[in-house]
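predicted model follows, preceded by the sequence.
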Amino acid sequence: MSALDDFEVRHALRATGVLREFNAIGVLAAADVHVAERLALLGGEEDELVVLAAALAVRAPRLGHVYVDLATIRETATVDADEPVDLSALPWPAPGDWLDRVRESVLVHVGERDAHDPRPLRLVDSALYLDRYWREEGQVADDLRALGQAEAVNTLQLEDSLNRLFDKPGAQRLAAQTAVERRFAVVAGGPGTGKTTTVARIVAALAEQGDELPLVALAAPTGKAATRLKEAVHAAALEMDVAPRVRDELLALNASTLHRLLGWKPGSHSRFRHDRGNRLPHDVVIVDETSMVSLTQMARLVEAVRPGARLVLVGDPGQLTSIEAGAVLGDIVGVRGPGVVELDVVHRGQEGIKTLAPAIRSGNADAAIEALRHGYDDITWIPVDVGEPESLAQLAPIREGAVAAATEVIEAARAGQDTAAMAALGAFRVLCAHRRGSHGVSVWTARIERWLGSAIGRGRWYPGRPLLVTKNDYGLDLYNGDAGVVVSTAPGKVSAVFERRGKPVPFAPSRLNAIETVYAMTVHKSQGSQFATAAVLLPAATSPILTRELLYTAITRANKRLILAGTEETIRAAVARPVARASGLGRRLA
């Protein structure tokens, strides 16, 4: 039996047998063990291998999986550690015997039938679910199928709309046509393929279908992504050949976070004011950055869309998925149903980035390295291990960019120019895979502050301090991922400024709780944002969170220029390691 540290919070000190061994090495967290033991106690289950299976099912959503596959978990299990850990020595049960014992457990319902069975675990073939996630997966599949019907449209008007809104045939035109002709549509594609401009044309085409303008909701998982969606729709509206009433409708559209759209309920993180019994009033609901939407959040969204309304999901299935359970957009796009349209033509300049991104997304490491070596004007590759102290001298482009951008923000903030300070925030951002460690956000934030020296002034709330909200604050209408800046308002006085509806809005610093300095941020936190220059710092090749999706998401945060620091070994390791999330939604939709 493994020895456990009495002062290590990850350890379940009272665990025994196989649970203790799986906890000691890091496969199971203390919470996984405690929940499984509680279920066993309530159900009278004494078989420790069944309790182990239950603990792995509890663990799965914590790591983004919807279920645990008992037939393959021995080969796919990982632990969050800086160094590789050999899990083969653990007492893994033989899959056949293990499944037989799980099937016989009083805790487990076997098969897809009898949706009202109250048992906490559900076994489908070798997939063991917590019952909640099995139900949510089935609910999303059923609701999307109910939405995915053809809609009666004015075909002559639609043809006229499409001819004016699109100058040539292509995937964008097909996406707009699909979103008008069907009640459920997906517009998928990478950065620069025109997803958000297509959204504006979808709304215009729908508005031209009848005399009454539809009630449209624009939403995204984060406040920043919602703002970018609104701005893109407004910019496209000014260029389109549409009637004044339609243009005015587009320019009047706002966008909100999904939480705000559904209606936050105090004291609940998973239920909302709008649900199956109180549907959203909108005729059209359009959600951007859908790759970030978890299974649970998608379940709450689709049940709230009223019968007869349209749902349009927009996003890039190649990006990182939600930090919570599920890979919803990837599952839907993978089925390639009649409502799914993928945009594949990149319209931005960025010759290097638009060559590098598809190489990474397709898993072609040789093409990715070739793109990095080519010498494109928009890519600077620094092939070093950023965790090594001697590499700092080679990272001069990052130091120069970070200091120049931060100085511009500080000067505007000291002058009380909130709009200019907010605009300067998007000029440069350091992106890291980890929060801590030699490659992490905390180290790089402290390093950039040292580089700035006396420029940042004294105290916590110095003018020009870049801020990141780390937890939703519904009372202040601030959401996880929102970026802001401290701005001088009078001698000795400052406000924390965040963008709301396209304008800087001040908040008293004393009202802000979950805030951190954001000279550097994780790639996960950067989703939904774009920066003129993104400086991406890759971890060692052995990092457990280094994946193809993380690398792809990181490099596509660059709007104009990319600085990528990482060895060839690290880049090849990332490209060769796609995220594999256990999810049954695609199977249920097929």
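Nice, thanks for sending it over.

now the helices for the stretch 451-590 of the chain?
Under the criterion DSSP state H, counting those that start in this stretch, helices of the stretch 451-590 of the chain are mapped to 523-526, 548-555, 568-575, 585-589.

low pLDDT regions in this structure?
Counting by pLDDT under 70, the chain contains low-confidence ranges at 1-10, 13, 80-84, 267-270, 347-349, 438, 501-502.

sorry, back to before: deepest-packed of the helices of the stretch 451-590 of the chain, please.
helix 548-555 (a mean of 25; mean count of other C-beta atoms under 10 Å). From N, CA and C alone the C-beta is placed, and that goes for glycine too.

what helices or strands is that helix leaning on?
Helices and strands touching helix 548-555, by 3 or more C-beta pairs under 8 Å, 6 or more residues apart in numbering; DSSP states H and E, are helix 351-361, helix 523-526, strand 531-537, helix 568-575.

quick one on the thing from earlier: just put the helices of the stretch 451-590 of the chain in JSON lines and tack on distance to Val27.
Shown next, in JSON lines, are the helices of the stretch 451-590 of the chain (distance: least, C-beta to C-beta, whole Å):
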{"stretch": "helix 523-526", "distance to Val27": "22"}
{"stretch": "helix 548-555", "distance to Val27": "22"}
{"stretch": "helix 568-575", "distance to Val27": "22"}
{"stretch": "helix 585-589", "distance to Val27": "25"}
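
do you know which of the ones you listed lies nearest Val328?
With C-beta to C-beta, the closest approach to Val328 among the helices of the stretch 451-590 of the chain belongs to helix 585-589: 6.4 Å.

need the helices and strands packed on helix 548-555 in CSV with distance to Thr290, can you?
Listed next are the helices and strands packed on helix 548-555 as CSV, based on distance: least, C-beta to C-beta, whole Å:
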stretch, distance to Thr290
helix 351-361, 17
helix 523-526, 16
strand 531-537, 21
helix 568-575, 23
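
who's in contact with Met422?
484-485, 497, 499, 504 (C-beta atoms under 8 Å, 6 or more residues apart in numbering).

cutoff 7 Å now
Going by C-beta atoms under 7 Å, 6 or more residues apart in numbering, Met422 touches 485, 497, 499, 504.

which elements pack onto the helix or strand harbouring Ser256?
Using DSSP states H and E, Ser256 falls within strand 255-257. Contacts defined by 3 or more C-beta pairs under 7 Å, 6 or more residues apart in numbering; DSSP states H and E place strand 255-257 against strand 216-220, helix 223-237.

let's see that with 6 Å instead.
helix 223-237 (3 or more C-beta pairs under 6 Å, 6 or more residues apart in numbering; DSSP states H and E).

which residues are in contact with the helix it packs on?
By C-beta atoms under 6 Å, 6 or more residues apart in numbering, the residues outside helix 223-237 that reach it are 196-197, 200, 218, 220, 247, 250-251, 253, 255-257, 288-289, 479, 481-482, 528-529.

show residues contacting the strand holding Ser256.
The contact list for strand 255-257, computed with C-beta under 6 Å, 6+ apart, reads 218-219, 223, 226, 229-230, 479.

from the chain's centroid, how far away is it?
15 Å (C-alpha atoms, centre = their mean, to the nearest Å).

do the same with stretch 169-182
25 Å.

buried set for it?
Neighbour-count burial for stretch 169-182, counted by 16 or more other C-beta atoms under 10 Å, picks out 171-182.

then it to CSV, C-alphas only?
This file holds the C-alpha atoms of stretch 169-182, laid out as CSV (Å, rounded to 0.1, in the frame of the first residue of the first chain):
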residue,chain,number,x,y,z
PRO,A,169,-21.0,31.3,-54.9
GLY,A,170,-19.2,29.6,-52.0
ALA,A,171,-19.4,28.2,-48.5
GLN,A,172,-20.4,31.5,-47.0
ARG,A,173,-23.4,31.8,-49.3
LEU,A,174,-24.3,28.1,-48.6
ALA,A,175,-24.1,28.7,-44.9
ALA,A,176,-26.5,31.6,-45.1
GLN,A,177,-28.9,29.7,-47.3
THR,A,178,-28.8,26.7,-44.9
ALA,A,179,-29.5,28.9,-41.8
VAL,A,180,-32.6,30.3,-43.5
GLU,A,181,-33.9,27.0,-44.8
ARG,A,182,-33.3,25.1,-41.6
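
what sits against the closest residue to Leu52 other than its chain neighbours?
Once flanking residues are discounted, Leu52 sits nearest to Val18: 5.2 Å by C-beta to C-beta, 6 or more residues apart in numbering. The contact partners of Val18, by C-beta under 6 Å, 6+ apart, come to 48, 52, 91.

closest to Leu39 among these?
Proximity of the contacts of Val18 to Leu39 (C-beta to C-beta) peaks at Leu52, which lies at 12.0 Å.

count of neighbours near Ala393?
9 (other C-beta atoms under 10 Å).

oh, that last question was meant for Thr78, not what I typed.
13.

can you classify Val312 as helix, strand or coil?
On the three-state scheme (DSSP: H, G, I helix; E, B strand; the rest coil), Val312 is labelled strand.

mind listing what it touches?
Val312 touches 179, 185, 286, counting by C-beta under 6 Å, 6+ apart.

next, format these as TSV and append secondary structure and distance to Val106.
Formatted as TSV, these follow (DSSP: H, G, I helix; E, B strand; the rest coil; distance: C-beta to C-beta, whole Å):
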residue	secondary structure	distance to Val106
Ala179	helix	48
Ala185	strand	44
Ile286	strand	46
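
nothing else from me, thank you.
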